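Chemist: Show me how the following folds:
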Amino acid sequence: MVAVSLRCSARTACGFTWRKAARDTDYGDRSNGVAFAADGRFATTSFDGRLRLYAPDGRLIGAPVASGFERPFSLAFNLKNGRLAVGFEDTTAVRVFDGETLAPLGAPDMNGIDNGNLGSVAWSADGTTLFAAGRYQAGGERPVIAWREDGLQQTLPVSLNTVMSLRALPGGDLLVAAGDPYLGVVNADGTRGWTRRPVQMDARDQRHNFRVSPDGMVVDFGFEVWGAR
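Modeler: Predicted coordinates for the structure are as follows:
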């Protein structure tokens, strides 16, 4: 794996011209995540199990730090207090690190979260809530788990498929992208906002649903997963 930092150097008639600002070839496996702090520093994950922190100019700050698990996937800086949250591909664990030293700071309560993973993480815009989601399944859906400063843990049902990315929005809302494909917003109060679900047939688990009439004029199938609709 090679980590390359690009910087915009000039504006042209066709857009931006980019130049390589830094390069780090000391990766033992692929990298899936990068996150930026408020001051321009950035951190990365890698399936070599380590986290790396860089200065705004792309210079590595200190040595890579073991994440505690084999496959750290995504990460997110809390823009209010600088803490760094990390989600993993190979476990439901979520870990929090010091955003300046990568020293471990602990983990949220994972009671009852016992399947899949929580590979995607995000902080709310005001920094008071940590969100995580991924392949973890509850009640037939892939929910977002929210941990708040007051200790409240909340489950927010959103999607039927793996949650791939979370992004905090102004005002406390959360944008969710999943593999259904699905795009939607969870409101700051935990209710569903707008959603955009797929417009094509979802043929998963419909091995016995597809039927054709004897004259070939009628085709019957479920429009949604498991034969719904």
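
Chemist: Look at T129 and say how many residues are nearby.
Modeler: 21 (other Cβ atoms under 10 Å). C-beta coordinates here come from the backbone N, C-alpha and C atoms, glycine included.

Chemist: Pull the contacting residues for G58.
Modeler: The contact partners of G58, taken as Cβ atoms under 8 Å, 6 or more residues apart in numbering, are 5, 21-24.

Chemist: Compare those and tell me which has the most neighbours.
Modeler: When neighbours are counted by other Cβ under 10 Å, D24 leads the contacts of G58 with 18 neighbours.

Chemist: Next, that residue: phi, psi?
Modeler: phi -130, psi 110 (degrees, to the nearest 10).

Chemist: Bridged to it, which residues?
Modeler: Counting by DSSP bridges, D24 is bridged to A3.

Chemist: Read off the pLDDT value for it.
Modeler: D24 is assigned a predicted lDDT (pLDDT) of 94.

Chemist: Spell out which helix or strand contains the residue nearest to E141 when sequence neighbours are not counted, please.
Modeler: Leaving aside its sequence neighbours, E141 sits nearest to P157 (Cβ to Cβ, 6 or more residues apart in numbering; 4.5 Å). Assigned by DSSP states H and E, P157 belongs to strand 153-159.

Chemist: re earlier: what is the most widely separated pair among the contacts of G58?
Modeler: A21 and D24 (11.3 Å; Cβ to Cβ).

Chemist: how much space between M217 and Q206?
Modeler: When distance is defined by Cβ to Cβ, to the nearest Å, M217 is 21 Å away from Q206.

Chemist: Between these two, which is the more surrounded one?
Modeler: Comparing M217 with Q206 by neighbour count (other Cβ under 10 Å), the higher total belongs to Q206, at 17 against 7.

Chemist: Now do the SS call for the more buried one.
Modeler: coil (DSSP: H, G, I helix; E, B strand; the rest coil).

Chemist: Show me what the residue nearest to the spatial centre of the chain is bridged to.
Modeler: With distances taken as Cα atoms, centre = their mean, the residue of the chain nearest its centroid is S120 (2.3 Å). With beta bridges defined as DSSP bridges, S120 has these partners: A133.

Chemist: which residues sit in contact with it?
Modeler: Going by Cβ under 8 Å, 6+ apart, the list of residues near S120 reads 73-74, 87, 132-134, 163-166.

Chemist: go again using 7 Å as the cut-off
Modeler: Neighbouring residues of S120 by Cβ atoms under 7 Å, 6 or more residues apart in numbering: 74, 87, 132-134, 163-166.

Chemist: ditto for A85
Modeler: Shown in contact with A85 (Cβ under 7 Å, 6+ apart): 75-76, 94, 96, 121, 123, 130.

Chemist: Tell me, please, the helix or strand in the chain that averages the lowest pLDDT.
Modeler: Least confident helix or strand of the chain, by mean pLDDT, DSSP states H and E, is strand 3-12 with a mean of 67.

Chemist: What are the buried residues along stretch 154-172?
Modeler: Neighbour counts over stretch 154-172 (16 or more other Cβ atoms under 10 Å) mark 155-156, 158-164, 166, 168-169 as buried.

Chemist: and what of stretch 66-81?
Modeler: Buried, per 16+ other Cβ under 10 Å, within stretch 66-81: 67-68, 71-79.

Chemist: Now for those: which two are most distant?
Modeler: R71 and L79 (25.5 Å).

Chemist: one step back: check the contacts of S120 and tell me the two furthest apart.
Modeler: Taking Cβ to Cβ, the two most distant members of the contacts of S120 are A132 and M164; they sit 12.7 Å apart.

Chemist: Buried residues of the helix or strand encompassing T195, list them for me.
Modeler: Assigned by DSSP H and E, T195 belongs to strand 192-196. Residues of strand 192-196 include none that count as buried (16+ other Cβ under 10 Å).
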